[in-house]
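1. Compute the structure for the input listed below.
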Amino acid sequence: MEHIVEEKTFAQEISILPKFFRIRQRKQETRDTFTLELEPVDKGFEFTFVPGQFNMIYVFGVGEVPISISGDPRRTDLITHTTRIVGVVTKAMGKLKRGDILGIRGPFGNGWGVEKFVGKDVVIVAGGIGLAPLRPAIYQILSNRGSYNRVVLLYGARTPEDILYKREIEKWKSRFDFEVYVTVDRGTSNWKGNVGVVTTLIARAPFDPENVVAFVCGPEIMMRFTALELKKRGVSENNIFISMERNMKCGVGLCGHCQFGPLFICKDGPVFSYSQVRDLISKREI
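-> Below is the predicted model of the structure:
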């Protein structure tokens, strides 16, 4: 029998083999969350992605972890990742310094599809670290602001100290063409803003339910209740998009770790319309 060797495509090699990136800057966002700006070790290498995609980040001698890309898609000279310490790999990442090297595979998955919704109102609902995967979509929308109608950000954090990108949020608030509402679950004596879960902001958010698209990212329970509140406002499930975070290992749909019913989060997602996953997301065993 003739032995046939299947030739790997360039795209397949990119998926399997990491590229090396150097930490150019590290910023502590909150007590347990930090942002890394990474530049390629290979000079001239350009990294392109669409908002909503993620990378597999490899810490040498520790392991690999999927992290959403949180930088500006117009920047091809660096990659930005905002990460919360939740396990062994992210803990090791949190100890890295400027100049340290990481391995990057990606980008993987689909995106928010921002460019498909020209002429619509856009409502962005983020909970906690969920603002990080949405930030590239915000950058893309604001860089093409004239192509969209109302643009609204509803952001919820646990406490004022847990708010991400504080300075940037203040800049966004100062824009006349971007409406930003921030709430916290638990206020402090110095907090003068909204108190309550982020879903409480939906009822008074200014948008046309007949001509709106919603991008939602946060804990799964938050996304479920956000979808319910949006539906109460008359938003179609087909116009609500959520980003799922599951235990991705390979990034290319081979290992099965991120299987979600008939879907693979890494390959078919991580962004799904709510109508695609409505019946799955409410089942605890999946």
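
2. mind showing which ranges of the stretch 101-250 of the chain have poor pLDDT?
-> Scanning the stretch 101-250 of the chain for pLDDT under 70 picks out 246-247.

3. Now do the helices in it.
-> Counting by DSSP state H, counting those that start in this stretch, one finds helices in the stretch 101-250 of the chain at the ranges 131-143, 166-173, 220-232.

4. by contact count, what packs against the second one?
-> With contacts taken as 3 or more Cβ pairs under 8 Å, 6 or more residues apart in numbering; DSSP states H and E, helix 166-173 sits against strand 179-184. For every residue, glycine as well, the C-beta is placed using N, CA and C.

5. which residues touch the strand it packs on?
-> By Cβ atoms under 8 Å, 6 or more residues apart in numbering, the surrounding residues in contact with strand 179-184 are 150-160, 162-163, 169, 172-173, 191, 193-198, 200-201, 205-206.

6. Stretch 92-105 now?
-> 14-26, 34, 36, 38, 41, 55-60, 62, 64-65, 79, 83, 85, 251.

7. and that stretch, which residues are buried?
-> For stretch 92-105, the neighbour count (16 or more other Cβ atoms under 10 Å) marks 92-94, 100, 102-105 as buried.

8. coming back round to it: the contacts of strand 179-184, buried ones only, as a ChimeraX selection?
-> Of the contacts of strand 179-184, the buried ones go into a single ChimeraX selection, burial set by 16+ other Cβ under 10 Å:
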select :150,151,152,153,154,155,156,157,160,162,163,169,172,191,194,197,198,201,205
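
9. Give me the subset of the contacts of strand 179-184 lying in strands.
-> Cross-referencing the contacts of strand 179-184 against strands under DSSP state E gives 151-157, 194-195.

10. which one of the residues you listed sits closest to Glu46?
-> Val151 (28.2 Å; Cβ to Cβ).

11. Give me the distance between that closest one and Gly256.
-> Relative to Gly256, Val151 is positioned 38 Å away (criterion: Cβ to Cβ, to the nearest Å).

12. for Thr199, same thing?
-> To Gly256, Thr199 is 33 Å away according to Cβ to Cβ.

13. With neighbour numbers in mind, choose between these two.
-> Using other Cβ atoms under 10 Å as the criterion, Thr199 and Gly256 rank with Thr199 on top: 22 against 9.

14. Isn't the more buried one up against Phe225?
-> Yes. At 5.0 Å, Thr199 counts as touching Phe225 under the criterion of Cβ atoms under 8 Å.

15. Identify, from the ones in strands among the contacts of strand 179-184, the entry nearest to Arg278.
-> For these, the closest approach to Arg278 (Cβ to Cβ) belongs to Leu154, at 20.6 Å.

16. could you list every residue that touches the closest one?
-> By Cβ under 8 Å, 6+ apart, Leu154 lies in contact with 123-126, 181, 183, 198, 201-202, 205.

17. one step back: I'd like the buried residues of stretch 92-105 written out as TSV, with distance to Ala214 added.
-> Shown next, in TSV, are the buried residues of stretch 92-105 (distance: Cβ to Cβ, whole Å):
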residue	distance to Ala214
Ala92	35
Met93	31
Gly94	32
Asp100	38
Leu102	33
Gly103	35
Ile104	30
Arg105	30
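
18. quick one: which two of the residues you listed are the most distant?
-> Gly94 and Arg105 (20.2 Å).

19. hang on, the earlier thing: ok, which of the helices of the stretch 101-250 of the chain comes nearest Tyr274?
-> Proximity to Tyr274 (Cβ to Cβ) singles out helix 220-232 among these, at 4.8 Å.

20. Now find how far off-centre the closest one is within its chain.
-> Distance of helix 220-232 from its chain centroid, counting by Cα atoms, centre = their mean, to the nearest Å, is 17 Å.

21. Good, wrapping up.
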